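**Student:** Model the following, please.
(chains A and B)
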Amino acid sequence: MSGRIGESPRRADGEGKVRGDFTYSSDLTARGMLWGATVRSPHPYARILAIDTTEANGMPGVVAVLTHEDVPGQKLYGLEIQDQPVLAFDVVRYWGEAVALVAADHPEHARRAAQKVRVTYEVLEPLTDPERALTDSAPRLHAGGNVTRHVRIRHGDQDARADVVVSGEYEIGMQDQAPLGPESGLAIPDGDGGVDLHIATQWLHVDRDQLSEILALPPEKVKLTMAGVGGAFGAREDLSMQAHACLLALRTGRAVKMSYSRSESFVGHVHRHPGRLTYEHGATRDGKLVYVKARVMLDGGAYASSSTAVIANACCFALGPYECPSATVDGWVMYTNNPPCGAMRGFGSVQNCYAHEAQMDKLAAALQMDPVELRKRNAMKTGSRLITGQVVEGPAPVEELLDRVKSFPLPPQGGGSSGSFPLSPQGRASGRGRIAAADLTQMPGGVSNTTHGEGVVRGVGYAVGFKNVGYSEGFDDHSTARVRLFIVDGRPRAEVHTAAAEVGQGLISVQAQIAATELSVDDVVVLQADTQVGSAGSSSASRQTYITGGAVKAASEAVRERVLAMARSELGRSTAARLENEAVVSSEGEVIVTLATLLGDAVVEETREFRPRRTHRLDPETGQANAHLQYAFAAHRAVVDVDTELGLVKVVELATAQDVGKAINPQAVEGQLEGGAAQGLGLAVMEEIQVKDGVIRNASFTDYLLPTILDMPPLLMEILELGDPHSPYGLKGVGEPPAISSGPAIVAAIRAATGKPITRVPVRPQDIVDT
Amino acid sequence: MKIACTVNGRPRVAHGVWEGSSLLAVLREHLELPGSKNACEQGECGSCSVYLDGSLVCSCLVLGGQAQGREVVTVEGIASGGVLHPVQEAFLEAGAVQCGFCTPGFVVATHDLLTRTPHPTTMQIREALAGNICRCTGYAKIIDAVHLAAERMAPR
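**Tutor:** This next block holds a predicted model:
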C-alpha cells in the first residue's frame, strides 16, 4: 500500500533497513573485486616535485597505481568552477588532497601500498586566513585570484541613518555533515570500454557528466545506479571517490570498490563554510528597521565546489526574514589552503542566521523591547520586497511562526522538579538555583556529576530564519519522471522511475504517494534511481518533493489522461471523467470500467519533465534580481540551562513552527524538523572541525562531537500547511529550515541565561566562563 | 587465519581472515553479513552493535580472533525468518528510520535494552542508546519506537 498524499505510509525501503539487508554503497561487493585506496597530501600547500610509484607497485596484492598522468580526459572538475584536480598535479592546495590511487586485492594491501607511493613535496606556507587571501600580498592560489565570488547587494538609500544603531561581529565554525554512511561505491568495467558505477550520491547525472569528461567517455558509456545512501546533507554533492574508482576499474579491467574510513571521509567531502560576519543595524526608536549593513566573509577553502551559490544565499538572506528599506551587503567567499567547503543543509542561510538573530536581540535590548515583539514588528510577509528587489509571493508567515513558538508552554524549571531556576520576565534567569534531589541527567554536564544546580541558570531564546527552495539565479531547475501503469494479477500497478536520490528523507515514499493519488491505485513501485531516465537534479536545496514530485505528478496525470482517453475512444464512454478505486468513473462516480478490464495487457507509459518558473542571475553591481523560486520559513524557541561556573550547556527543550505548504507525508515532515534541529544544536554547542595551519585536528567521531540521544532535548512542533499557489499541491521545501534557526535560538537562550555576548559558534566553555 | 564461531544460531567458519581484522570486518567481508555497519571504526557510533556471548558490543572494537568459539548475534538474527521482531516493527511504524545506516545498531541496542528493562523510562532509553549516533532523525522517533516496542512486547 503506497498511501495517498497527506498520509504516512511505511517506507518501502524500511523493512530492509531494519533487517540489515538493505544494500548501502559500502555493502556492495563483486566477485574478484579489487579495493581502491587514495594517497593524500600531508601538507595543506606544497609543490609536487616528483611522484615515485615504483615501490608501491611492487607491494603484495597491488594491481595498479595511478597518478594524474593516468587521467585520460579533463584533469579538473567542479560543480560550478572546474578548478579541482581529479588527482593533484604541480601543487596540492589542502591537507588530504588526493594525489595518487592504488588498487589491490585486499583493503589492507591497498592501504599499505598507498603509504609507499613516494611523493616529493616542496612545502609552501599555507594561506589559511580568508581576510589575508583578499590582500595583494597573499599568494594567488588559483590563476583567477583568491576571490571565488564577491556578491554586492545595494538596496534602498545607501546613506540611511537611524536613531538607534547596534553592531556586532560573529564567527561561525566549520561544521561537518557527518553522514553515517561513508563515501563508497563499486565501479565495474562494462566489457565494452565503458563503466558501470554503483554509488551513493545526491545527483546521479551531474556525477555522470563530470565522470564522462574525466574518463573521456561519451555519457552513454558511463552508467550510474544509485546504491543505498547513508545520509547526505550536502556531503555527496561533489565527487569524492567516483572518478577514482572508475579510473582504477578501467585500468585494471576489474571491479573496484572504494569505501572511505571515517578519518578519510573528513577530507573526502566539503564542509559547511566557516565565516566571519560583521553587521550594523539601524532602527527607529519604535523598533522599525531603517537599514542594515552586512559584510560576510566565508572561507571556501582550496576549491570552489558550490561556494559561488553559498555566498549568494548568505548575502540574499543576510537580513533574515525581515522588511528593511535599505541594505548594503558585501559578501566574499575566498580560496585558502583550508579544507574545501561547499554544500551543507541550510546552504549559506545558517551562517547569516546566527548573525542577524544576534543583531535583532541586541537591537531589542537597546530599545528595551521584547525580542519577539521586535521581530514581529519587522516581519516579512506576503508582498514584502527582499533586499534583492524580489517580491515575496505565497505565504510568508513570519509573525505567525513566532507567535506559535512563543505560545508553547515553557517546560518546568530545574530538571522537572522543584522550580529552582526562576525565570525573570525577560527570560533571564536569576541563577543560584539548587535542587535537593538532583536528577543529574537533567543537569549541564549530566552524569559527569559536575553540578547539582549550583551556578546553573536558565535562559530562553528565539530565532527565525528563511531560505530559498530549489535552484536560484537562472540555474535550469528541472526533473524527469517516467510513470507506467499496467495490470499485474488482475490489479493495476504503477511504476515510477526517476533519477532522484533517496538519501533518507523519504522521497521514495513521496513519489509513490503522488503516483498513487493521481492514478488512484494502491500498488506503486518506485524503481531504483539510475541514469537510464532523465536528470532529476540533486537531492538538495529542499527541492526534490517540489521538483521531482512535480515531475511524478505531471507524468502520472499524463498517464491518467491517456487512460481516460482510452475509455472514451475504445469504449465510446464519453462520460469517463476520472479514476477512482482502480476504475474509470463518471463525474457522478458511476463505475464505467475497471482499470484491469480497460488495460488488459496494455502498458501506458508517459515521461514528463517538470520545470518550475525561471529565476535570474543577481546583478553583479546591485544584487538585484528575481533570483529565487520559493522561500521556506521556520522559527525556533530554545530553553537552556547553563552551568556558569564550568561553561556547560544543557539544551532543555526546543520548540519549532514551520510552514510546509502541504505535508505530503506528515511523519517524514516531522522527521525533517527533528533531524534538522539536531544538526542545528550540533553547530550551536558541539560540532566544529578544528583546523590549525590548514590541518584538521579532529577527523574522527571521537574528537568531532555529534549530538547523541542524551544531547537532543524534546522538540515541540507545530506544522502549518498554508499552501503555496505556485507549487504542486501547494507544498514547500521542508528539509533545510529546521537546521537554520534552531542553533541561533539556542545561542540566544545562552545569552539570555548568562548575559554574555556569545558571538561565536559552537559555543565553548571559555565563551561562557569569565577567565 | 580461520575463525569458527556461532553466528545467529548457526556454526560458521571464516577462512583467510587477516589477523588484524575486526569482528565487524569478519562479519561483513567473510560471512556475508553486511547488516552491521561501519561508520566510525572506533566505537563511537554504535552502527556495528552486535551481541557477543549475550553482551552488547561494538563489533568494530572486537578483534575477529576474539570471536573464536563464541556466540555472535547480529541484526540479521533479530527477526524470526519472515516475521520482523517487535523492535523492528516499531522502528518502521514510528518513522524512526530515515537513511537507516544507524538502524541496525539501534535495533540491536534496543533489543538489548528491552531484554534487560522491559518498560524503560525515556531517560533510561536515552542512557541505554547514548552509544548509538543517528544523524537523520534527531532521535525523537527512535524514542517513540522504543516505547512502542516495549508496549507491544510486554503489555502492562
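**Student:** Distance check, the spatially most central residue of chain B against chain A.
**Tutor:** A centroid search over chain B (Cα atoms, centre = their mean) returns residue B:108, at 3.1 Å, as the residue closest to the centre. According to Cβ to the nearest Cβ, to the nearest Å, residue B:108 and chain A sit 9 Å apart. Every C-beta, even on glycine, is put in place using the N, C-alpha and C of the backbone.
**Student:** Assign that residue to helix, strand or coil.
**Tutor:** helix (DSSP: H, G, I helix; E, B strand; the rest coil).
**Student:** Isn't it up against residue B:75?
**Tutor:** Yes - under the criterion of Cβ atoms under 8 Å, residue B:108 makes contact with residue B:75 at 5.5 Å.
**Student:** what's the overlap in contacts for the two?
**Tutor:** The contact sets of residue B:108 and residue B:75 overlap at residue B:50 (Cβ atoms under 8 Å, 6 or more residues apart in numbering or on different chains).
**Student:** contacting residues around the residue nearest to the centre of chain B?
**Tutor:** B:49-51, B:56, B:73-75, B:78.
**Student:** can you pull out the helices in chain B?
**Tutor:** Ranges of helices within chain B are B:23-25, B:86-94, B:103-116, B:122-128, B:140-153, based on DSSP state H.
**Student:** Then the stretch 501-650 of chain A?
**Tutor:** Assigned by DSSP state H, counting those that start in this stretch, the helices in the stretch 501-650 of chain A fall at A:507-519, A:544-571, A:595-599.
**Student:** which outside residues touch the last one?
**Tutor:** Read it as helix A:595-599. By Cβ under 8 Å, 6+ apart, helix A:595-599 touches A:485-487, A:490-492, A:521, A:563, A:566-567, A:570-571, A:579, A:582-584.
**Student:** same deal with stretch A:613-624?
**Tutor:** Outside stretch A:613-624, the residues that touch it by Cβ under 8 Å, 6+ apart are A:151-155, A:312, A:315-316, A:329, A:387-389, A:470-475, A:477, A:625-629, A:726.
**Student:** domains for chain B, by residue range?
**Tutor:** Per the record, chain B has its domains at B:3-76, B:86-153, by automatic domain parsing.
**Student:** okay, those domains in a markdown table with mean pLDDT next?
**Tutor:** Shown next, in a markdown table, are those (pLDDT from 0 to 100):
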| stretch | mean pLDDT |
| --- | --- |
| domain B:3-76 | 98 |
| domain B:86-153 | 98 |
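**Student:** Up against chain B, what does the stretch 251-400 of chain A have?
**Tutor:** A:259, A:261-262 (Cβ under 8 Å from any Cβ of the partner chain).
**Student:** from memory residue A:722 sits against residue A:663, does it?
**Tutor:** No - counting by Cβ under 8 Å, residue A:722 stays clear of residue A:663, with 11.2 Å between them.
**Student:** Between the two, which has more neighbouring residues?
**Tutor:** It is residue A:663, of residue A:722 and residue A:663, that has more neighbours when counted by other Cβ atoms under 10 Å in any protein chain shown, with 21 against 17.
**Student:** and the residue of chain B found nearest chain A, how many neighbours does it have?
**Tutor:** In chain B, the residue that lies nearest chain A is residue B:35 (2.2 Å; Cβ to the nearest Cβ). Neighbour count of residue B:35, defined by other Cβ under 10 Å: 26.
**Student:** wait, what's in contact with the nearest residue to it once chain neighbours are set aside?
**Tutor:** Setting aside the residues directly before and after it, residue B:35 is nearest to residue A:20 in space (Cβ to Cβ, 6 or more residues apart in numbering or on different chains), at 2.2 Å. By Cβ under 8 Å, 6+ apart, residue A:20 lies in contact with B:33-36, B:74-76, B:104, B:107.
**Student:** Now the phi/psi pair for residue A:20, please.
**Tutor:** Backbone torsions for residue A:20, taken as degrees, to the nearest 10, come to phi 90, psi 10.
**Student:** related to what we said a few turns ago, let's have the domains of chain B in TSV, adding distance to residue A:229.
**Tutor:** What follows is the domains of chain B, written out as TSV (distance: least, Cβ to Cβ, whole Å):
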stretch	distance to residue A:229
domain B:3-76	13
domain B:86-153	6
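**Student:** Mind checking what secondary structure residue A:47 has?
**Tutor:** strand.
**Student:** for the stretch 551-700 of chain A, what spans make up the strands?
**Tutor:** A:576-580, A:583-586, A:591-594, A:604-610, A:630-643, A:648-659, A:691-692, A:695-696 (DSSP state E, counting those that start in this stretch).
**Student:** Show me the one of those strands that comes nearest chain B.
**Tutor:** strand A:648-659 (9.1 Å).
**Student:** quick check: angle from the closest one to strand A:630-643?
**Tutor:** 160 degrees (axes from the mean of the first three to the mean of the last three Cα atoms, to 10 degrees).
**Student:** and strand A:648-659, how far from the chain's centre?
**Tutor:** Relative to its parent chain, strand A:648-659 has a centroid offset of 20 Å by Cα atoms, centre = their mean, to the nearest Å.
**Student:** Quick one: check it for contact with chain B.
**Tutor:** No - figure legend: strand A:648-659 not in contact with chain B (Cβ under 8 Å from any Cβ); closest approach 9.1 Å.
**Student:** Out of the residues of the stretch 251-400 of chain A next to chain B, which end up buried?
**Tutor:** A:259, A:261-262 (16 or more other Cβ atoms under 10 Å in any protein chain shown).
**Student:** which residues of the stretch 1-150 of chain A fall in helices?
**Tutor:** Using DSSP H, counting those that start in this stretch, helices in the stretch 1-150 of chain A cover A:14-19, A:54-57, A:107-114, A:130-133.
**Student:** Out of the ones you listed, flag the one nearest residue B:140.
**Tutor:** Among the helices of the stretch 1-150 of chain A, helix A:14-19 comes nearest to residue B:140, with 17.1 Å by Cβ to Cβ.
**Student:** that older thread, can you lay out the helices of the stretch 1-150 of chain A as CSV showing distance to residue A:350 and mean pLDDT?
**Tutor:** Converted to CSV, the helices of the stretch 1-150 of chain A look like this (distance: least, Cβ to Cβ, whole Å; pLDDT from 0 to 100):
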stretch, distance to residue A:350, mean pLDDT
helix A:14-19, 28, 98
helix A:54-57, 41, 98
helix A:107-114, 35, 97
helix A:130-133, 17, 98
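**Student:** Chain B is nearest to which of those?
**Tutor:** So among the helices of the stretch 1-150 of chain A, helix A:14-19 is nearest, using Cβ to the nearest Cβ, at 3.2 Å.
**Student:** Quickly check: the closest one near chain B or not.
**Tutor:** Yes - applying Cβ under 8 Å from any Cβ, one finds helix A:14-19 in contact with chain B at A:14-15, A:17-19.
**Student:** Save the helices of the stretch 1-150 of chain A as JSON lines, and put in mean neighbour count too.
**Tutor:** Output for the helices of the stretch 1-150 of chain A, formatted as JSON lines (neighbours: other Cβ atoms under 10 Å in any protein chain shown):
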{"stretch": "helix A:14-19", "mean neighbour count": "22"}
{"stretch": "helix A:54-57", "mean neighbour count": "16"}
{"stretch": "helix A:107-114", "mean neighbour count": "21"}
{"stretch": "helix A:130-133", "mean neighbour count": "20"}
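**Student:** In TSV: the ones you listed, plus distance to residue B:99.
**Tutor:** Formatted as TSV, these follow (distance: least, Cβ to Cβ, whole Å):
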stretch	distance to residue B:99
helix A:14-19	8
helix A:54-57	35
helix A:107-114	23
helix A:130-133	33
